[in-house]
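Asks: with the sequence up front, the predicted model follows.
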Amino acid sequence: MPKANKFPKSVTLDDLPDNEKGKPVPMVSLFDQKNVKGWWPMYEEGGPDTPRELTGKVEMELEILSKEDSEAKPAGKGQEEPNENPHLDPPNRPATSFLWFTSPWKSLRYIIWNNYKWYIIGGLILLLILAMVGLFIYSAPGALSEKIIAKL
């Protein structure tokens, strides 16, 4: 199997053994090493006239165990019990990992409100003050004329 990359930035399609440039790729025998950890490229297979396209990168750890070792170190699927060898922590997903079109208010809250909260509050206060001044200017001539007429 192709040797894994240590960092995701260094993953390219040239890391695959059947790359288009035909250059040799360092290979690793999982039976010799027993454990491989790193980043590998994910790609979309193009048609006969279109090249492959890098569509993602995946971080994996592969380990080969003998039957005795696998019975001594049981592991569940994913995070199911027994969650050992290796222990998998629950995923630490950010609160903004959602589809914005399914909940636009959530996107407004997390993206816009957190960054521009004080600008929005200040703008609303300014609009309120301008509305009050505008209403005063609009109603002042009528109120003054009524006071002048009432004195006569």
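Replies: Great, that's in hand. Numbering: from 1, shown residues only.
Asks: the one helix or strand residue 139 maps to packs against which elements?
Replies: Assigned by DSSP states H and E, residue 139 falls within helix 114-151. Taking 3 or more C-beta pairs under 8 Å, 6 or more residues apart in numbering; DSSP states H and E as contact, there are no helices or strands that helix 114-151 lies on. Just so you know, the C-beta spots here come from the backbone N, C-alpha and C atoms, and that holds for glycine as well.
Asks: and that helix, how far out from the chain's middle?
Replies: Taking C-alpha atoms, centre = their mean, to the nearest Å, one finds the center of helix 114-151 at 44 Å from the center of the full chain.
Asks: could you do stretch 31-47 as well?
Replies: Its chain's C-alpha centre and that of stretch 31-47 lie 23 Å apart, by C-alpha atoms, centre = their mean.
Asks: also stretch 81-97?
Replies: From the chain centre to the centre of stretch 81-97 is a distance of 16 Å (C-alpha atoms, centre = their mean).
Asks: how about the helix holding residue 139: buried residues?
Replies: Buried residues in helix 114-151, counted by 16 or more other C-beta atoms under 10 Å: none are found.
Asks: how about the helices of the chain, start to end?
Replies: Counting by DSSP state H, the chain has these helices, from start to end: 30-33, 67-72, 104-107, 114-151.
Asks: helices or strands up against the lowest-mean-pLDDT helix or strand in the chain?
Replies: Using mean pLDDT, DSSP states H and E, helix 104-107 stands out as the lowest-scoring helix or strand of the chain, at a mean of 76. Using 3+ C-beta pairs under 8 Å, 6+ apart, no helix or strand is in contact with helix 104-107.
Asks: cool, thanks, talk later.
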